[in-house]
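Asks: Build me a model from this:
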Amino acid sequence: MSGYKSKTWRKIVPSLWRESSGGVAIIFALTATTLVALLGAGLDLSRAYVARQQLSNVAALTCQYSARPEVMSTAYSNTNGTATYIAQVNAYAARALAQQNFNLTQNQTSPFSYTGLGGTSSVSLSATVPTLFLPIVSINSLPVSMVMSCHPGETESTSNSGTTILTESFENSACSGVCYTTFNSDGTKNQPPSVPGQTFPSTTGYVGTTNTQWSIMGYCIEIDAAGKVRTTVADGTHSAELDCDNGSYSAGNSSISNKSYYAAGSYELRYSYASRVGYPNYDPSYICGSTAADVSWANDTYSSGWGVTNALRTNQLNVYFDADQNGAPPTHQTIDGTQTLAGSNLIDMCVQSMSWIQRSVKFTVTSAGYYWLSFAADGANDSYGASIDAISVCPTSCSGSVQDNFPSAWTTTPLLFEDTFDSPTVPDTYSTGFNANETLDHSYGTTSTGTGGWPSQQSTGWATSPYDQLDYLLRNSDQGSQSLELDADLNAGQSTSNRTISRYFYLDPGYYQIKYDYISDANFTSMSGTHCTYAPSSISAYGYTGKLFANIRQGGSGNFGNDTNVLAVFMSHGELISTPIGGGGLNSVTTYLNPNGTITTTPAVSPTYVNVSSYDPSQVNPLLDYCYFSAGWTTRTTYVKITKAGPYWLSFAAQGSADNTGIALDDVRVTALNSLYGASPSFAVAVPTPTPANGATISYTGFSFIADPLTP
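Replies: Predicted coordinates:
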């Protein structure tokens, strides 16, 4: 059977082939073409994929290159910086393609696009890959392309532990040498608008060398080289001014804002601040605080420098921290009500410092998310304002100690004020040595500069109560030829009442020494030595009652109350007490400016009130010293601790019996010791301050911060 089948098949197959050879050939040809096309397409598509991957690699490398600070700074180098920057990045893209062995023609002549300074940028690459097999089906080439976004208009950094959230030293400038450049909200340069923007911009106006991006409201940000506005900057070679020049030297208040992501946790903000316009009544002290109330007293308009006169707070800088609201921060009104600038939750404020100081703000984020850090100029809108520099935000705390801001002038010349009461000279018209026509309001102190007072303020002396009714003692003075009598003399036609003299000083946080010379006019024959107490916790125990016999230093004798020689020394923050208003006529009644703003002849909060039987050491006008007898001149020394920058009133008040005989005062001295970071005296009276207290927690929605901590 097998042989039969084999023979049969050998006869049948050739016959079939001869009969169907034409159709089979056609089918085979069609099938082969399809198979070749399919196999070739895979190879051609694979080549196209490799080409696209090369373009993707080049796009990623180009984006990275474009964001390098040293490369991006080219955009700020001159007026053609943007074009130069784009050409530089495009040249890099061409080199990167060559390094990738990309042997095809890249179709985009300028693949790198850049929308304004700090705006969005992207790389767009495309090419045509010739096919090897697909021409069989009339496909001669395959297009490939890659578009990659390099960075958005705002930097949204994540706050990883140990990573600095942002740093800024304003080193990007569009001019070289000692010059300044203004950047507008849209990123353009050197042509600030004449009308400020009142809405938050959608573009970034300024990008720092570390790629920190800032949105601008108002007019512009001014970048100043060292030597243009200030001889030095806090870091690098440039600083920024937010009361920038609007092109006509008449306005410029603006704000800058950066948005970053903050995880829940603690952070520290540090920045450096310096004033441009001087205020002689404040110099060399600095005026900063955590709240508007901390600096509400600083409304002096006696300004000098740069032709600025009668300006209110022209150097004011506000710092805000706010949760993101649909891509923008909340806003505030400037104090003159004319502008809307970025920021709502105030966390720090500076009004004046002619030297660079460093501020530190500790805050805690409780609700993670995007937050805006904003710096805004305020006060006089006149194109002259504060300089800022060296901004850093760090998780937990920034490295290194916070700068000690205690004025260097006070460390080199610590004697801030001295008055021996020898000027103006009082004529000796009475044989007893008393004179009622004194001019203590013009006693500026022996350390005054020119015709000013301390440190270089406009002419102002001691305020007295009642006004101008003190006696000068022209004999037996401790220093010079004159001293003061703080109990009135009937021989001079004055009423019998104890007197007070007060003088204000602008002090920064630190320790200070108060010295003065004291002697009793009524020299009790039954007493000897000195009877005084420093910073008393209780002053109820005199040890004597009734009257005692005394010889009077200027002549005469008699029985006097044992408290006739009492002198009390006080220091108070000017916002917590009623402050005397000087300048009235001889024998006029002294008026007082009360803490609530009213003016009365009776102080609402007396700067010299003390309850002898129940003294409260925590009262707003704490006692520095309390003396009730000294047979001879004695020098008293006491110390104060100041925890907030502010106006502080030093007062000397006669207490006890008002009987025309009391104490003599001479040679008052105020000396700066050191900041609170330095050594503390063995005792010091802490002068109360308005709220919030240093170290208090101030809470906002999503975060809280510490009010002006006393130590780093």
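Asks: need the contact list for Gln513.
Replies: Gln513 is in contact with 637-639, 669-671, 673, 681, counting by C-beta atoms under 8 Å, 6 or more residues apart in numbering. Where you see a C-beta, it was placed from the backbone N, CA and C, and this is true even at glycine.
Asks: could you redo the last one with a cut-off of 10 Å?
Replies: With C-beta atoms under 10 Å, 6 or more residues apart in numbering as the criterion, the residues that contact Gln513 are 414-416, 637-640, 669-673, 681, 684.
Asks: Give me the three-state assignment for Ile136.
Replies: The assignment at Ile136 comes out as helix when based on DSSP: H, G, I helix; E, B strand; the rest coil.
Asks: Just give me the neighbour total for it.
Replies: Under the neighbour criterion other C-beta atoms under 10 Å, Ile136 is assigned a count of 15.
Asks: Kindly provide the distance from the closest residue to Ile256 other than its chain neighbours to Ser260.
Replies: The shortest distance from Ile256 to any residue that is not its chain neighbour, by C-beta to C-beta, 6 or more residues apart in numbering, is 4.2 Å, and that residue is Trp214. According to C-beta to C-beta, to the nearest Å, Trp214 and Ser260 sit 11 Å apart.
Asks: quick one: which of those two has more around it?
Replies: A count of neighbours by other C-beta under 10 Å puts Trp214 above the other of Trp214 and Ser260, at 28 against 20.
Asks: need the helices for the stretch 51-200 of the chain, in chain order.
Replies: If you assign secondary structure with DSSP state H, counting those that start in this stretch, the helices in the stretch 51-200 of the chain sit at 69-72, 81-99.
Asks: Any buried residues in the last one, and which?
Replies: Buried residues in helix 81-99, counting neighbours by 16 or more other C-beta atoms under 10 Å, are found at 81-82, 85-86, 88-90, 92-93, 96-97.
Asks: quick one: which of those residues is nearest Thr661?
Replies: Gly81 (80.0 Å; C-beta to C-beta).
Asks: Please report how far that closest one lies from Ser538.
Replies: Gly81 sits 72 Å away from Ser538 when distances are taken as C-beta to C-beta.
Asks: Same question for Leu710.
Replies: 28 Å.
Asks: cool, and Gly379?
Replies: 46 Å.
Asks: out of these two, which sits in the busier spot?
Replies: Neighbour totals were compared for Gly379 and Ser538, and Gly379 leads with 25 against 11 (other C-beta under 10 Å).
Asks: In contact with the nearest residue to the more buried one once chain neighbours are set aside: list those residues for me.
Replies: The shortest distance from Gly379 to any residue that is not its chain neighbour, by C-beta to C-beta, 6+ apart, is 3.1 Å, and that residue is Arg313. Taking C-beta under 10 Å, 6+ apart as the criterion, Arg313 is in contact with 277, 279, 287, 295, 298-301, 303, 335-336, 349, 351-352, 377-380, 385-386.
Asks: can you do 7 Å?
Replies: With contact set as C-beta atoms under 7 Å, 6 or more residues apart in numbering, Arg313 has these partners: 298, 351, 378-380.
Asks: And this structure, split by domain according to the record?
Replies: Each structural domain of the chain that the record assigns through automatic domain parsing is listed here as a residue range: 2-151, 166-405, 411-681.
Asks: Tell me the helices and strands packed up against the host helix or strand of Ile347.
Replies: Secondary structure here is read from DSSP states H and E; on that basis Ile347 sits in strand 346-352. Secondary-structure packing of strand 346-352 (3 or more C-beta pairs under 7 Å, 6 or more residues apart in numbering; DSSP states H and E): strand 287-289, strand 317-323, strand 357-365.
Asks: Neighbour count and distance to Gly662 added to the contacts of Gln513, as TSV?
Replies: Converted to TSV, the contacts of Gln513 look like this (neighbours: other C-beta atoms under 10 Å; distance: C-beta to C-beta, whole Å):
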residue	neighbour count	distance to Gly662
Pro414	14	31
Leu415	14	28
Leu416	22	27
Thr637	13	21
Thr638	22	20
Tyr639	19	25
Val640	23	24
Arg669	20	21
Val670	25	23
Thr671	18	26
Ala672	22	30
Leu673	20	31
Pro681	15	29
Ala684	19	28
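Asks: among those residues, which are in strands?
Replies: Secondary structure from DSSP state E places 415-416, 637-640, 669-673 of the contacts of Gln513 in strands.
Asks: Looking at those, which one is closest to Gly327?
Replies: Sorting those by how near they are to Gly327, with C-beta to C-beta, puts Ala672 at the top with 48.4 Å.
Asks: Just give the closest residue to the closest one, not the sequence neighbours.
Replies: The spatially closest residue to Ala672, leaving aside those adjacent along the chain, is Trp410, at 3.8 Å (C-beta to C-beta, 6+ apart).
Asks: so where do the strands sit in the stretch 101-250 of the chain?
Replies: With DSSP state E, counting those that start in this stretch as the criterion, the stretch 101-250 of the chain has strands at 112-114, 121-130, 141-151, 166-168, 180-183, 206-207, 213-217, 221-225, 238-241.
Asks: Nearest to Thr331, out of those strands?
Replies: Thr331 lies closest, by C-beta to C-beta, to one member of the strands of the stretch 101-250 of the chain: strand 213-217, at 7.6 Å.
Asks: ok, and what's touching that closest one?
Replies: Contact partners of strand 213-217, identified using C-beta under 7 Å, 6+ apart, comprise 118, 154-155, 183-185, 197, 200-201, 204-207, 254-258, 341-342.
Asks: and that strand, how far out from the chain's middle?
Replies: Distance of strand 213-217 from its chain centroid, counting by C-alpha atoms, centre = their mean, to the nearest Å, is 18 Å.
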